[in-house]
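Student: starting from these lines, generate the structure:
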Amino acid sequence: MAAVNLNMLAENASRLGMRLQETFSEHTRDLSIARGSGSAFLDNPEEKVKNIGKQLDSSSDREKLEAMKRLIALISRGRNVSEFFAQVVKNVASHNLEIRKLVYIYLLRYAEQEPDLALLSINTFQKDLSDPNPLIRAMALRVLSGIKVPMIGSIVVLAIKKCAADISPYVRKAAALAIPKIYHLDASHQPELIKIISTLLKDQSPLSLGSVAIAFEAVCPTRLDLLHQHYRRLSRTLIDMDEWGQVDLLNLLVRYARVMLPRPIPSNEPGATPQFEVDSDLKLLLTSAEPLFQSQNPAVVLAVARSFYYLGPPSDLPKMVPPLLRLLHVSREIERVVLTNLVLVSSTLPDVLAKSYTHFLVRADDPRQVKKDKVHLLRAVTNAKNYSSLLREFICYADDADDDLVAESIQAIGYIARIIPEATQQCLTALMAFIQSKHDVIVANAVLVLKSLVQIRMQQQQNVIAVGGLPPQSFSPLEIISRLARRIDDIRHPKARACVVWLVGQYASTPAPVANGSTPTGPEGIAPWCPDVLRKMAKSFTHETSLAKLQVVTLAAKLLVLSPADRTVGLLYRYVLSLAQYDLDYDVRDRARMLRALLAGVTAGLYGEADDEREDLGGVVLRREQIRVVLFDGKTSPSEDLSKHEDDHGRFGSLAALTGRWTGADGYLPDWLEEGISPSLRDSDADAAAAPHPPAHVSQLLHSQPSAATSSARSIAGGGSLSSSRASPVVLTPTGGMSPSGSISRQDGAKAAYMDLDKFYEDEEEESEESDSGEEEEEDDDDGEAEGEAGTDSGEDADSTEGDQSESGEDGEHGQESGGEGHSNYVQGTTTG
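Tutor: As a prediction, this is how the structure comes out:
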């Protein structure tokens with residue numbers, strides 16, 4: 001019996017569990033659809049696709065929602081589902097907000113393919129523009145402007161105009177975003193759209209101003225005159241806007257400032273640090289944008305840095321470095337963008353960036369372009385204080401597996417050797433060690449850097465000797481050339497071999513230093529290691545690259561010009577030219593024929609009996625001195641300095657900094673104007689109301705009550721600042737009236753509304769001072785009354801003159817009494833009869 005009961009209990013429990021599971025599944029069906037939409041709706045068998053039409057015609061919102069989700073999933077997979085367009089349009093007026101959103105997405109996708117059916121939903125969208133819900137109104141306008149059917153352009157413009165005057169800022173933002181869509185659809189509506197933009201620019205809500213800036217840039221980017229009346233208000237509203245709106249509006253205001261405002265100019269006052277005169281409107285923009293350096297959005301920080309870089313005086317440029325350094329740790333993508341922009345400003349702010357050079361040290365897991373940008377920054381911030389640390393970093397980077405990083409690092413070592421004389425010997429030691437490396441890339445780049453160093457140092461020595469000075473003894477360029485010449489067999493990189501051969505030929509005539517007074521060996525007028533280099537290169541001439549062959553032919557010609565009487569040099573010259581004359585590369589053949597014709601006057605008799613059989617090339621035969629000028633002179637040395645900062649017309653902070661080319665989305669900045677437009681054009685009604693003008697009765701009160709002039713002046717000064725557009729004007733009202741918001745105190749003792757915290761504390765201090773001064777004046781009044789009574793008693797026995805004085809004393813007594821009684825009212829801004 002117990003077993004039977006146990007089986008019945010188990011069966012009942014199983015049935016109850018199944019019933020609960022079915023109920024739970026039924027009630028959580030919508031929730032499961034939302035959770036599994038990513039997988040359940042993407043796997044659509046043909047049977048479910050065929051049922052979509054039935055589900056769309058169903059009366060159940062749940063069936064319609066499921067069908068719409070399957071349609072959107074099919075669209076995401078690239079399948080054409082335009083066959084359901086007519087059935088989807090029927091649900092455009094659904095009361096379910098989720099269904100309506102999906103219907104709107106579907107209509108945006110297929111409205112161009114079915115313009116006739118799309119027009120059926122226009123009336124519904126127009127009705128939704130008057131819906132009480134602002135979300136519905138904005139969504140209807142968004143879809144209406146997204147239907148790319150040119151024939152409804154006028155209807156869309158009317159809808160935008162209606163929504164531009166909507167009471168909801170969210171709807172006005174949707175209207176601003178719809179303007180570029182209709183403009184790209186039909187540009188003939190531009191005049192009407194400009195009027196709508198002018199209306200939206202007057203919007204006081206910060207929510208829509210960023211979208212208005214986007215519409216302005218798309219429709220009328222050259223009509224900056226529309227911003228005159230709104231410039232100051234837009235500058236002050238920057239901090240209250242959404243993040244992406246701040247980016248768009250900042251870029252617009254930066255372009256306006258470059259076109260309409262005067263450039264900061266240095267003052268003529270002598271001083272250690274030059275001061276710059278900055279226009280008040282330009283200073284307003286920079287001051288309003290500076291707090292945005294603390295934004296969490298990297299795009300906002302970069303936009304503010306761009307405004308300071310192109311608008312601010314040089315003294316404000318260091319402010320942009322710490323916020324940009326903060327962005328380096330946000331993500332890899334942000335780091336890539338910030339480093340690229342820092343490279344652009346590195347030549348302008350090397351001292352500021354040098355303090356934070358540890359942020360630019362290369363990590364092993366950095367991408368290739370990030371490594372390259374970091375090496376550029378480290379090279380730009382190198383100075384006499386940090387060169388030792390950076391030199392060790394560059395030597396370490398030369399062993400990296402990335403060939404580009406190796407090249408940049410070795411070039412940075414050469415740069416340090418040029419700009420810092422104290423580091424020259426260390427750099428040369430490192431470069432000469434690189435020549436012994438087993439990697440061709442390291443050897444090749446070391447040879448190229450040594451070549452540029454030798455050229456620059458030789459040019460410097462020649463310039464010093466030309467003015468009668470002694471050349472520096474830091475290092476001998478000829479010693480470097482000799483060491484490179486002796487290792488020519490170990491240098492296998494084609495460009496490096498060509499560089500060594502060029503150095504040997506170019507400086508072959510320079511006398512080499514001889515130790516212990518021994519006589520140099522080799523041909524007269526030539527360095528002793530030059531013929532041996534020519535012999536080695538002539539031996540392997542047929543296996544050399546074309547770049548090296550050209551330099552070998554030139555080397556043979558230079559040595560022959562320097563020492564035409566040496567038989568060994570002449571034979572090597574003949575051998576090299578005979579090989580080059582029949583080379584497969586036509587550049588090598590042309591170079592050989594050109595040099596043979598150029599050296600016709602030097603090679604006379606060089607070929608012995610074969611001279612008579614050689615054809616006469618004709619032309620002018622140059623002398624040896626003239627040929628030497630042609631072959632040796634006029635070789636320019638590479639530049640020592642990095643490119644200096646120039647106005648790059650807005651490349652910093654734009655997409656052109658990353659891509660290297662200008663695109664339509666980049667804000668190209670024009671040059672500064674010599675003189676900006678008149679500031680009065682930017683005056684608005686709000687600015688005029690901000691300037692206080694004391695009424696006539698205030699000046700009369702100051703003259704009639706000299707004892708309270710100081711207190712009155714304090715109240716005017718504390719009521720508002722002439723330079724502040726937010727402060728209200730101070731108006732003194734009669735007794736019993738309400739005090740304006742800008743006055744110090746009110747009749748009921750309540751504080752006025754303050755817009756500035758600093759102003760509030762200033763008024764508090766002034767009130768405490770006035771209360772102290774009021775107590776002192778009351779004590780003076782009591783003393784004056786006692787003295788007045790004594791004067792009155794003594795005036796009865798005095799003469800007429802004293803009587804007159806006593807009368808004036810009585811008047812003074814009466815005036816003091818009335819003044820003492822009405823003092824508190826006077827402080828509140830009231831007058832007595």
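Student: what's the neighbour count on Gln436?
Tutor: With neighbours defined by other CB atoms under 10 Å, the count for Gln436 comes to 11. Where C-beta positions appear, they are placed from N, C-alpha and C, glycine not excepted.
Student: which stretch of helix or strand covers Asp75?
Tutor: Just to correct that, residue 75 is Ile rather than Asp. Using DSSP states H and E, Ile75 falls within helix 61-76.
Student: so what does whichever helix or strand comes after that helix touch, helix or strand wise?
Tutor: From helix 61-76 onward toward the C-terminus, using DSSP H and E, the following helix or strand is helix 85-89. Here helix 85-89 touches helix 52-56, helix 97-110, helix 115-118, going by 3 or more CB pairs under 8 Å, 6 or more residues apart in numbering; DSSP states H and E.
Student: closest to Ser389 out of those?
Tutor: helix 97-110 (56.9 Å; CB to CB).
Student: Ile413: which of the helices and strands packed on helix 85-89 is closest?
Tutor: It's helix 97-110; of the helices and strands packed on helix 85-89, that one is closest to Ile413 (CB to CB) at 57.7 Å.
Student: please name the residues that touch Asn7.
Tutor: With CB atoms under 8 Å, 6 or more residues apart in numbering as the criterion, no residue contacts Asn7.
Student: quick check: which ranges of this structure have low pLDDT?
Tutor: 1-4, 15, 18-47, 268-273, 461-475, 510-522, 604-619, 635-650, 663-667, 686-833 (pLDDT under 70).
Student: nearest residue to Lys202 in space, please, no chain neighbours.
Tutor: His230 (7.1 Å; CB to CB, 6 or more residues apart in numbering).
Student: what's the burial count for the one you found?
Tutor: 19.
Student: now the helices for the stretch 201-350 of the chain?
Tutor: Secondary structure of the stretch 201-350 of the chain, counting by DSSP state H, counting those that start in this stretch: helices at 206-219, 231-237, 243-260, 280-289, 298-311, 321-326, 332-345, 350-354.
Student: looking at these, which is closest to Ser409?
Tutor: Closest among the helices of the stretch 201-350 of the chain, once you apply CB to CB, is helix 332-345, at 15.8 Å.
Student: if we can go back for a sec, pretty sure the residue nearest to Lys202 contacts Asp203?
Tutor: No - checked against CB atoms under 8 Å, the pair His230 and Asp203 is beyond contact range at 9.4 Å.
Student: by how many degrees do the helix holding Ile75 and helix 97-110 diverge?
Tutor: Helix 61-76 and helix 97-110 are oriented at 30 degrees to each other (axes from the mean of the first three to the mean of the last three CA atoms, to 10 degrees).
Student: with only the CA atoms kept, save helix 61-76 in CSV.
Tutor: Backbone C-alpha positions of helix 61-76 (Å, rounded to 0.1, in the frame of the first residue of the first chain) are rendered in CSV as follows:
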residue,chain,number,x,y,z
ASP,A,61,0.6,41.8,-31.3
ARG,A,62,2.9,39.0,-30.2
GLU,A,63,2.6,37.2,-33.6
LYS,A,64,3.3,40.5,-35.4
LEU,A,65,6.3,41.3,-33.2
GLU,A,66,7.7,37.9,-33.9
ALA,A,67,7.2,38.3,-37.6
MET,A,68,8.8,41.7,-37.7
LYS,A,69,11.8,40.4,-35.8
ARG,A,70,12.3,37.6,-38.3
LEU,A,71,12.1,40.1,-41.2
ILE,A,72,14.7,42.3,-39.6
ALA,A,73,16.9,39.2,-39.0
LEU,A,74,16.5,38.3,-42.7
ILE,A,75,17.5,41.8,-43.7
SER,A,76,20.6,41.6,-41.6
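Student: list the buried residues for it?
Tutor: The neighbour-count check on helix 61-76 (16 or more other CB atoms under 10 Å) flags 63-75 as buried.
Student: what about Leu325, how many neighbours?
Tutor: Neighbours around Leu325, by other CB under 10 Å: 15.
Student: mind checking how far His189 is from Ala164?
Tutor: Taking CB to CB, to the nearest Å as the criterion, His189 is separated from Ala164 by 14 Å.
Student: more crowded one of the two?
Tutor: Taking neighbours as other CB under 10 Å, His189 and Ala164 compare with Ala164 leading, 23 against 19.
Student: quick one, what contacts that one?
Tutor: Counting by CB under 8 Å, 6+ apart, Ala164 makes contact with Arg172, Ala175, Ala176, Ile196, Thr199, Leu200.
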